[in-house]
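Undergrad: have a look; sequence and predicted model below, questions after that.
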Amino acid sequence: QVQLVESGGGLVQAGGSLRLSCAASGRSRSGYTMGWFRQAPGKERDFVAAISSSGGSTDYADSVNGRFTISRDNAKSTVYLQMNSLKAEDTAVYYCAVNGYVWSFRRSQMKYNYWGQGTQVTVSS
């Protein structure tokens with residue numbers, strides 16, 4: 001079992017920044033792809049970003065590419081999502097998750113085995 005706890009969400013004005021953190025505990029979690037997803041009210045949960053186990057590869061949804069940065073500190077078992085130039089449409093509950101499969105499945109929610117409880121991000125326009 002792996003437990004994930006997100007933090008860092010909140011209310012921010014458009015154009016502002018937030019940094020989300022996802023702390024992992026439990027079974028070995030440094031050897032897995034990690035991802036961030038988000039779900040806006042009334043919408044499906046969507047892929048935001050992913051990072052490989054070593055941190056050497058990253059992937060972003062088109063909607064956040066160039067504004068968001070995913071990173072990880074394996075020594076601290078923590079993954080981060082730095083969000084800059086936030087827009088009202090970034091408002092959502094953000095979830096981090098562990099992917100127990102190969103990198104090619106990084107955008108597939110079905111391949112993520114463990115999920116955090118989510119943290120709310122609200123961007124006011």
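TA: Sure, I can see it.

Undergrad: then the strand or helix carrying residue 6 to CSV, C-alphas only?
TA: Here residue 6, judged by DSSP states H and E, is contained in strand 2-7. Taking Å, rounded to 0.1, in the frame of the first residue of the first chain, the C-alpha atoms of strand 2-7 are listed here in CSV:
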residue,chain,number,x,y,z
VAL,A,2,1.0,3.6,-0.7
GLN,A,3,-0.5,6.6,0.9
LEU,A,4,-0.5,9.9,-0.8
VAL,A,5,-1.3,13.3,0.8
GLU,A,6,-1.6,16.4,-1.3
SER,A,7,-1.2,19.9,0.0
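
Undergrad: give me the buried positions along that strand.
TA: For strand 2-7, a neighbour-count test (16 or more other CB atoms under 10 Å) marks 2, 4, 6 as buried. To be clear about C-beta, it is placed using only N, CA and C from the backbone, and glycine gets the same treatment.

Undergrad: could I get these in JSON lines, plus columns for distance to residue 64 and pLDDT?
TA: Listed next are the buried residues of strand 2-7 as JSON lines, based on distance: CB to CB, whole Å; pLDDT from 0 to 100:
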{"residue": "2", "distance to residue 64": "25", "pLDDT": "88"}
{"residue": "4", "distance to residue 64": "20", "pLDDT": "95"}
{"residue": "6", "distance to residue 64": "16", "pLDDT": "96"}
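
Undergrad: what's the closest of the residues you listed to residue 67?
TA: Within these, the smallest distance to residue 67 is 18.8 Å, found for residue 6 (CB to CB).

Undergrad: and the strand holding residue 6, what does it pack onto?
TA: Judged by 3 or more CB pairs under 8 Å, 6 or more residues apart in numbering; DSSP states H and E, the packing partners of strand 2-7 are strand 18-26, strand 92-99, strand 112-115.

Undergrad: buried deepest among those, which one?
TA: Sort the helices and strands packed on strand 2-7 by mean neighbour count, taking mean count of other CB atoms under 10 Å, and strand 92-99 sits at the top with a mean of 23.

Undergrad: can you list the strands that that strand pairs with?
TA: Strand 92-99 has its sheet partners listed here by DSSP bridges as strand 33-39 (antiparallel), strand 112-115 (antiparallel), strand 119-124 (antiparallel).

Undergrad: out of those, which gets nearest to residue 55?
TA: Shortest distance between residue 55 and the strands paired with strand 92-99, using CB to CB, is found for strand 33-39: 9.4 Å.
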